[in-house]
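A.B. asks: Just a sequence and a predicted model for now, questions to come.
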Amino acid sequence: MDKTRALKASVAISPNALRGLPAGRKTLTVTYFSNWDKTEVVIEFREYGSDAKVLTEIISGIISIRIKVNESTYPVPLDFQLKTKKSNTSMSSTVMKETYCSFWDEKTSTFSTSGLSKVKEDDSSISCHSEHTTSFAILLQVTELPTQISHNDYKILDMLTNILSCVSISALLITIGIFMMFRTLRTAERNIIHTNLAVSLLAAQVLFLIGVDLSGNKLTCTIIALTLHYLYLAVFGWMLVEGLDLFYKIVKVYGSEQNRLPIYLGIGWGIPIPIVIVSAGIRFNSYTAISSCWLNMTNGVIWAFAGPACIVILINSVLLVIIGRIIYRSSSAVNNMNNTTGLRASLRGVLILTPLLGSTWIFGLLAIGDAAVIFQYLFVIFSSLQGFFIFMIYCLF
C-alpha cells in the first residue's frame with residue numbers, strides 16, 4: 001500500500017522560506033482536525049445575482065500550521081495538501097460547483113481566500129500554496145443558478161467567449177497595424193478615435209482572457225479587476241466619442257472641422273479614472289467576486305460599471321436613431337424620394353454602426369427571465385466579436 005495515499009494532509013516548506021526568519025529557537029507545530037467544530041460559521045458567496053441559492057461546505061479536515069521563533073509567530077510561504085471528501089449536496093444541470101483553498105481569519109471570524117492559490121486538484125485531494133501560516137481548509141461552493149441557464153450552457157458560453165475573443169483580438173491587432181502603417185491614416189482625427197477604441201478594447205480583452213480567473217491572490221485579483229474596470233469604462237468612453245463625433249460629422253456639419261480631440265481624450269481615458277478610484281475607495285476589500293477578478297455583483301460595485309455603460313448605450317442609441325433618419329432622408333433625396341431605397345440605406349447604416357457604438361451590449365441587460373439563455377448567447381457572441389466588427393467596419397467597408 002502507498003503510504004502517501006493514506007495521508008489526510010501534508011505540508012511542504014522551502015528552506016529558503018526559513019532563512020529569512022530571525023535567529024533563535026525555531027519550532028513548527030502542525031495540527032490536524034477531522035471536523036470543524038465552529039458551528040456558528042455561515043459562508044455565502046453570491047456571484048450569479050441575489051436570487052442565486054448558495055451553499056458553501058467544508059470538504060476536508062482542518063490543518064493548523066504555526067512557525068515560532070522563540071515565542072513569536074512568523075508567517076512563511078508554504079504548500080499544503082488536504083484530502084477531500086465528496087459533497088453531500090446533489091448536483092443538477094442548474095447547479096455549479098467550485099472548490100477553494102481557504103484559511104480561518106480570526107479577525108473576521110470567517111473563512112477567506114486571500115493569499116492562497118490552488119495548485120493542483122484531483123478526485124481525492126487538493127494542493128494549495130499559501131503566503132502565510134494559519135488554519136487551512138478546502139471549501140466547496142455549490143450555487144443553484146437563478147435562471148434557466150444550465151451548467152452545460154455556462155461551459156459553452158465560456159468556451160465561446162474564449163474562442164471569439166481570440167478572433168476579436170487578432171482582428172484588432174490587424175486594425176491597429178493598418179492605422180499605424182500609413183501616416184495619412186495615423187494622423188486623421190477620425191482614425192485617431194478609431195485607434196483609441198481599438199487599443200482600449202484590445203487591452204481589455206487580452207487582460208480578461210489572461211487574468212479574470214486568477215482569483216487565488218486577493219490583492220492581485222483586485223488589481224486585475226480595477227484595471228479591467230478602467231479598460232472597459234474606457235471602451236465605453238471611446239464608443240461614446242465615436243457616436244458624438246459621427247453626430248457632429250453628419251448632423252452638425254457646420255463647425256465639425258473644429259479640433260475636439262483633447263475633449264475626446266478626456267472622455268475616453270480621463271472620465272473612467274475618478275469612477276474607478278471612488279468605487280475602489282468605497283469597496284476595496286469587497287471589490288471582486290470570490291472566484292473571478294471582476295466586479296462584485298452583490299454589494300453595488302457592479303453599478304460603477306453598469307451605470308456608465310447604460311448611459312453610454314442610451315446616448316448612442318438616441319444618436320443612432322438620429323443618424324439613421326439623416327441617412328434615410330439623404331438617400332431618399334438622392335434617389336428621387338424612393339422610400340424603399342432610403343429605408344434600405346438607413347437600415348444598412350444602422351446595422352453597421354450598432355456594434356461600433358456598443359448597442360449590442362443591450363443583450364446583456366436583457367438576459368433575465370425565460371429568455372435569459374437566448375440573450376446570454378447573443379450577448380457573448382456580439383460582445384466578444386466587437387473587435388472583429390470594428391475591423392470589418394474600419395478596414396473592409
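C.D. replies: Everything's here; your move. Since the structure is predicted, the reported quantities are computational estimates derived from the model, not experimental observations. Numbering: from 1, shown residues only.

A.B. asks: Please make it C-alpha for all contacts and neighbour counts, starting now.
C.D. replies: OK.

A.B. asks: Okay, domains of the protein per the record?
C.D. replies: The chain is divided into the following domains under automatic domain parsing: 3-144, 151-396.

A.B. asks: quick one, which of those domains is packed in tightest?
C.D. replies: Among the domains of the chain, domain 151-396 has the highest mean neighbour count (mean count of other C-alpha atoms under 10 Å), at a mean of 18.

A.B. asks: thinking again about what came up before, weakest of the domains of the chain in terms of mean pLDDT?
C.D. replies: Per-stretch mean pLDDT for the domains of the chain is lowest at domain 3-144 (a mean of 75).

A.B. asks: Any idea how far that one is from the middle of the chain?
C.D. replies: Chain-centre distance of domain 3-144: 25 Å, with C-alpha atoms, centre = their mean, to the nearest Å.

A.B. asks: Just after the one helix or strand residue 232 maps to, pick out the following helix or strand.
C.D. replies: Mapping residue 232 onto the secondary structure by DSSP states H and E places it in helix 218-250. Remark: after helix 218-250, the chain's next helix or strand is helix 261-265, criterion DSSP H and E.

A.B. asks: Run through who's touching that next one.
C.D. replies: 189, 193, 238, 241 (C-alpha atoms under 8 Å, 6 or more residues apart in numbering).

A.B. asks: what's the distance between the third one and residue 232?
C.D. replies: Just to be clear, that refers to residue 238. When C-alpha to C-alpha, to the nearest Å is applied, the distance between residue 238 and residue 232 equals 10 Å.

A.B. asks: before we move on, what about the first one?
C.D. replies: With distances defined as C-alpha to C-alpha, the gap from residue 189 to residue 232 amounts to 22 Å.

A.B. asks: Next: residue 322.
C.D. replies: In this view, residue 322 and residue 232 are 26 Å apart by C-alpha to C-alpha.

A.B. asks: quick one: the strands in the stretch 101-250 of the chain?
C.D. replies: 110-112, 116-121, 125-130, 135-144 (DSSP state E, counting those that start in this stretch).

A.B. asks: Could you list every helix and strand in contact with the shortest one?
C.D. replies: Here strand 110-112 touches strand 95-105, going by 3 or more C-alpha pairs under 8 Å, 6 or more residues apart in numbering; DSSP states H and E.

A.B. asks: and if you look at the second one?
C.D. replies: In this structure, strand 116-121 makes packing contacts with strand 95-105, strand 125-130, judged by 3+ C-alpha pairs under 8 Å, 6+ apart.

A.B. asks: by contact count, what packs against the last one?
C.D. replies: Applying 3+ C-alpha pairs under 8 Å, 6+ apart, one finds that strand 125-130 contacts strand 78-83, strand 116-121.

A.B. asks: Touching the first one from outside, list them.
C.D. replies: When contacts are defined by C-alpha under 8 Å, 6+ apart, strand 78-83 is touched by residues 7-14, 17, 60-61, 124-133, 137-138.

A.B. asks: what angle sits between the helix holding residue 232 and strand 116-121?
C.D. replies: Relative orientation of helix 218-250 versus strand 116-121 (axes from the mean of the first three to the mean of the last three C-alpha atoms, to 10 degrees): 100 degrees.

A.B. asks: could you turn stretch 178-194 into CSV, dropping everything but the C-alphas?
C.D. replies: The C-alpha coordinates for stretch 178-194 follow below in CSV (Å, rounded to 0.1, in the frame of the first residue of the first chain):
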residue,chain,number,x,y,z
ILE,A,178,-3.1,49.1,-40.6
PHE,A,179,-3.7,52.5,-38.9
MET,A,180,-0.1,52.7,-37.7
MET,A,181,1.4,51.7,-41.1
PHE,A,182,0.1,54.6,-43.1
ARG,A,183,0.8,58.2,-41.9
THR,A,184,-2.3,59.6,-43.6
LEU,A,185,-4.5,57.2,-41.6
ARG,A,186,-2.5,57.7,-38.4
THR,A,187,-2.9,61.5,-38.2
ALA,A,188,-6.5,61.9,-39.2
GLU,A,189,-8.7,62.8,-36.2
ARG,A,190,-11.4,60.3,-37.1
ASN,A,191,-8.8,57.5,-37.3
ILE,A,192,-7.2,58.5,-34.0
ILE,A,193,-10.6,57.9,-32.4
HIS,A,194,-10.8,54.5,-34.1
